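okay, here's the prediction I keep looking at, along with the sequence it came from:
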Protein chains: 2
Amino acid sequence: MNSKEKLQAAATKLFMEKGYENTTVQEIASLVGVTERTFFRQFKDKSDVLFDTSNEMGHRVAAFITDHFDVEQKPLKLAVDGFASVFGVFDGERERVLARNQIIQSHSDLQERELLKSQALIGSVTNALSVKFDSELSELAARFAVEIFYMAFTKWIESTEKSFVEQVLAVYEVYEKLCQY
Amino acid sequence: MNSKEKLQAAATKLFMEKGYENTTVQEIASLVGVTERTFFRQFKDKSDVLFDTSNEMGHRVAAFITDHFDVEQKPLKLAVDGFASVFGVFDGERERVLARNQIIQSHSDLQERELLKSQALIGSVTNALSVKFDSELSELAARFAVEIFYMAFTKWIESTEKSFVEQVLAVYEVYEKLCQY
DNA sequence: TAAAGTAATGTCAGTGACTGACATTTGAGA
DNA sequence: TCTCAAATGTCAGTCACTGACATTACTTTA
């Protein structure tokens, strides 16, 4: 566990215990045994410690799409399946995801940050879809897929009735209903 | 023109001239002839000076929806028409909108802030649609409408070919194409 | 193994965003 | 003109964040 990971763990712990605002970077660093300066070498700002900037999930969804062009012809369904597949792991780490979500909902800076990540997600998905579909159609499908994902995520957070995959598919069915108007 | 409006004007001016990062709140306040403290009484933070927190546009779109339930039965089309109608004014103030957009694109804090506003927009539109439609369908339609709006906005920024309303309708047609898969 | 190089971390001083507490001014109405 | 309230000023302080430079620790190579 390098200092970056240690800082992430310490930050999450402190944010949960005393809240995001009431935790100083100083405290996070001290808990790990490094200085504030080291924190800011690892993360661009305080909120950064909670976010994976690599867009790894975006790449995974994109990879799924690339791999399944032949099994699913509908662009949006393909992207949505990608989200379902990649984020299906959420069910296995519900605790952690819930804790992280609670921190993020507690402070608008963090919510904003989370939303910026969705832009990267849209970009990755758009690129992946563009290989087989018109670029405008790809972008729209990517945007919609991300919205379906978020809506499903919210519902998944609020209730334990369905698995993540089921929630995603349930929201996709709402989309199909919407199309029928 | 009260000090709030003066500060907004001064801030926009300075942000354009020297960039967002290179402009201090001190400078903005001085330009207007007030102190930094007054700035922070009007705006919750530096970026706030660029954003209308009232969600006025959200309310207007909601009002449009409420007024047009009988002329347009499709929930998404109704919401999209609302955006087209309310934001049609952009054509008349292209300069200003472009300038503001340029500032926002220059700094990720501002982009994040802009994205948070879209959540308020989604909320207003969802509420308005919920009067006649199922709540899940309403939320999804609201989310999609906002995405269509943003995509249209981006295209409108990048080219002068079409009016804002035309761009919105063009993206809506992409949606119809998407539904046909 | 010793020297040399490189990456991670520490130190420190400084800037700028933002807040709380309290004082002062200003403007509208009695 | 007096009075009250709202807006603004003053000031001291905290905390996020950065640049410059020093130090430590770990790797490579002769």
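Done, it's in.

tell me which parts of chain A are close to DNA strand D?
A:Thr23, A:Thr24, A:Val25, A:Gln26, A:Glu36, A:Arg37, A:Phe40, A:Lys44, A:Asp45, A:Lys46, A:Ser47 (Cβ under 7 Å from any atom of the strand). Yep, even glycine has a C-beta here, placed from its N, CA and C like the rest.

A:Ser118: which of those residues is nearest?
Nearest to A:Ser118 among the residues of chain A next to DNA strand D is A:Ser47, at 15.4 Å by Cβ to Cβ.

contact partners for the nearest residue to that closest one once chain neighbours are set aside?
In space, and not counting its chain neighbours, A:Ser47 is closest to A:Arg113: 5.1 Å by Cβ to Cβ, 6 or more residues apart in numbering or on different chains. For A:Arg113, the contact set (Cβ atoms under 8 Å, 6 or more residues apart in numbering or on different chains) comprises A:Ser47, A:Asp48, A:Leu50, A:Phe51, A:Ile104, B:Glu112.

what does chain A have sitting close to chain B?
A:73-77, A:108, A:111-113, A:115-116, A:118-119, A:136-137, A:139-141, A:143-144, A:147-148, A:150-151, A:171, A:174-175, A:177-179, A:181 (Cβ under 8 Å from any Cβ of the partner chain).

ok, of those residues, which come out buried?
Among those, those scoring as buried are A:75-77, A:112-113, A:115-116, A:118-119, A:136-137, A:139-141, A:143-144, A:147-148, A:150-151, A:171, A:174-175, A:178-179 (criterion: 16 or more other Cβ atoms under 10 Å in any protein chain shown).

and the residue lying closest to A:Ile157 once chain neighbours are set aside, how far from A:Phe39?
Closest residue to A:Ile157 apart from its sequence neighbours, by Cβ to Cβ, 6+ apart: A:Asn101 at 5.9 Å. In this view, A:Asn101 and A:Phe39 are 23 Å apart by Cβ to Cβ, to the nearest Å.

looking at those two, which is more packed in?
Each of A:Asn101 and A:Phe39 has its neighbours counted (other Cβ atoms under 10 Å in any protein chain shown); A:Phe39 has more, 23 against 15.

could you look up the SS state of the more buried one?
For A:Phe39, the secondary-structure state derived from DSSP: H, G, I helix; E, B strand; the rest coil is helix.

host element of the residue lying closest to it once chain neighbours are set aside?
Once flanking residues are discounted, A:Phe39 sits nearest to A:Ala29: 4.8 Å by Cβ to Cβ, 6+ apart. According to DSSP states H and E, A:Ala29 maps onto helix A:25-32.

give me the buried positions along that helix.
A:Val25, A:Ile28, A:Ala29, A:Leu31, A:Val32.

quick check: the second one touching A:Gln8?
Translated: A:Ile28. No: A:Ile28 is not in contact with A:Gln8 according to Cβ atoms under 8 Å; the separation is 9.3 Å.

shared neighbours, these two?
Shared contacts of A:Ile28 and A:Gln8 (Cβ under 8 Å, 6+ apart): A:Val49.

now do the domain split for chain A, please.
Domains of chain A are assigned by automatic domain parsing as A:3-50, A:58-179.

how far does the first one stretch from start to finish?
By that I understand domain A:3-50. End-to-end distance of domain A:3-50: 14 Å, with Cα to Cα, to the nearest Å as the criterion.

before we move on, what about the last one?
The first residue of domain A:58-179 is 26 Å away from its last residue (Cα to Cα).

how far is that domain from where the chain is centred?
In terms of Cα atoms, centre = their mean, to the nearest Å, the centre of domain A:58-179 is found 8 Å from the chain centre.

how about the shortest one?
Domain A:3-50 has its average C-alpha position 20 Å from the chain's average C-alpha position, going by Cα atoms, centre = their mean.

and that domain, anywhere near DNA strand C?
Yes: residues of domain A:3-50 contacting DNA strand C under Cβ under 7 Å from any atom of the strand: A:Ser3, A:Gly33, A:Val34, A:Thr35, A:Arg37, A:Thr38, A:Arg41, A:Gln42.

next one: the last one
No: using Cβ under 7 Å from any atom of the strand, domain A:58-179 stays clear of DNA strand C, with a minimum separation of 8.9 Å.

all helices for chain A, in order.
For chain A, helices defined by DSSP state H occupy the ranges A:3-18, A:25-32, A:36-42, A:56-67, A:75-87, A:94-105, A:108-130, A:135-158, A:164-179.

output the contacting helices and strands for the third one.
For helix A:36-42, the elements it packs on are helix A:3-18, helix A:25-32, judged by 3 or more Cβ pairs under 8 Å, 6 or more residues apart in numbering or on different chains; DSSP states H and E.

would CSV of these with mean pLDDT and distance to B:Asn55 be doable?
Putting those into CSV (pLDDT from 0 to 100; distance: least, Cβ to Cβ, whole Å) gives the following:
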stretch, mean pLDDT, distance to B:Asn55
helix A:3-18, 96, 28
helix A:25-32, 98, 32
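
of all these, which lies closest to A:Lys162?
The nearest among the helices and strands packed on helix A:36-42, by Cβ to Cβ, is helix A:3-18 at 26.1 Å.
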